[in-house]
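Engineer: here's my sequence, what's the structure:
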Amino acid sequence: MRKEDCFYLGKIVTKYSFKGEVVIKLDTDEPELYTEMESVYVEFGSNLVPFFIEKSSLHKGNQLRVQFEDVYSEEEAETILKCGIYLPSTMLPKLSGDKFYYHEVIGFTVVDANFGEVGTIVHINDKAAQPLFEIDRDGDEIFIPMVDEFIKKVDRENKIIEVETPDGLIELYIS
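Structural biologist: Numbering: from 1, shown residues only. I've put the predicted structure just below:
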């Protein structure tokens, strides 16, 4: 499986028991959607390796306690600690309307109600306090906060996101 065909679900953060169980911190608002999985892909370097799940249960909010097949000791669990967990993109529930997955809008054109065409989304910065669209406009980087008040329409068919930003925000970035 190629990483480009998958989405990041979370990370193995700790061992849970001496029997090889691990805890995965899920990167989702709906962890209950992932309690019945049969398998996941575990990231080893640049490779994704399938791991089959014997049992899993919710653990403290957005965490999942998992017993993988063939991981039955602390030593075996240690080898997968801090590894990323991925699932095929085809397993993502379809979103409609103005809701979207971050990876889904890369390459979309952003059009502002007042400014006009802003540029192309090249990345979503979710490391800041507020997620940001990172937009390329002829070599200039423009950052627009991803807040519901700014996002007016998501046109998947034409790959356009219509926004309405405060006056002067986009002009701050243009040299």
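Engineer: where do the strands sit along the protein?
Structural biologist: Counting by DSSP state E, the chain has these strands, from start to end: 6-15, 22-26, 39-44, 47-59, 63-68, 84-88, 109-112, 116-125, 132-137, 140-145, 151-155, 160-163.
Engineer: distance from the chain centre to the last one, please.
Structural biologist: This means strand 160-163. 20 Å (CA atoms, centre = their mean, to the nearest Å).
Engineer: okay, now the unreliable bits of the chain?
Structural biologist: Scanning the chain for pLDDT under 70 picks out 175.
Engineer: out of the strands of the chain, nearest to Phe100?
Structural biologist: Between Phe100 and those, the shortest gap by CB to CB is with strand 151-155, which sits at 5.5 Å. For the C-beta atoms, the positions are set from N, CA and C on the backbone; glycine is no exception.
Engineer: got the CA positions of that closest one in CSV?
Structural biologist: What follows is strand 151-155, C-alpha atoms only, in CSV (Å, rounded to 0.1, in the frame of the first residue of the first chain):
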residue,chain,number,x,y,z
ILE,A,151,-15.4,29.4,4.2
LYS,A,152,-18.5,30.2,2.0
LYS,A,153,-18.6,27.2,-0.4
VAL,A,154,-16.7,24.0,-1.2
ASP,A,155,-17.1,23.1,-4.9
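Engineer: so what's Glu134 bridging to?
Structural biologist: Under the criterion DSSP bridges, Glu134 forms beta bridges with His123, Phe143.
Engineer: many thanks, have a good one.
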